[in-house]
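Peer 1: Sequence plus the predicted model coming up.
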Amino acid sequence: MEYDELLSKIMKEKKTGRGDRFAPPQVNIMISGQKTVISADILAKYINRPVAHIAKYLMHELTAPGQIDSTGKIIMGGKFSRHLVQDKLDAYVKEYVICKQCKSPDTQMKKVDNNYIITCLGCGAEYPVGRIK
Ligand SMILES: [Zn+2]
């Protein structure tokens, strides 16, 4: 298969029926006792970001402690609604995955010194993103 053909196939698979909107896989969010378990491993693989970075973002946004279990699930201390967690995950994807220039989800994130740089595989844009405190 030609590279261009392969690329358009990947792009097609990443798009949904709803126009060009990028739809990451559904994340299973479950409240268990006083904890919220977020199965972010599939999402992390799909968007090519480390689970640890997503966890850090959620901890910051929800101002709650969190950890990652051996299967890649994020365990947040505290009960958070599925709706709230999904909103945060959507915001994460918007901030750290979708190219700010061409809106392509095909981007890579790399750490340079103490900053994260997003590189877009679609348009070649390269820009820093904010650090999660
Ligand atoms: Zn781009």
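Peer 2: Structure received.
Peer 1: Secondary structure element for residue 30, which one?
Peer 2: strand 28-32 (DSSP states H and E).
Peer 1: And the contacts of that strand?
Peer 2: Applying C-beta atoms under 8 Å, 6 or more residues apart in numbering, the external contacts of strand 28-32 come out as 36-39, 79-80, 82, 85-86. C-betas here are computed from N, CA, C, even on glycine.
Peer 1: near the ion too, which of those?
Peer 2: For the ion, no contacts are drawn from the contacts of strand 28-32 by C-beta under 5 Å from the ion.
Peer 1: Ends of stretch 124-133, what's the gap?
Peer 2: Taking C-alpha to C-alpha, to the nearest Å, stretch 124-133 runs 27 Å from one end to the other.
Peer 1: I'd like to know how many residues surround residue 75.
Peer 2: Neighbourhood size, residue 75 [other C-beta atoms under 10 Å]: 15.
Peer 1: Quick check, it in contact with residue 68.
Peer 2: Yes: Residue 75 is within contact range of residue 68, at 7.4 Å (criterion: C-beta atoms under 8 Å).
Peer 1: No more questions from me, cheers.
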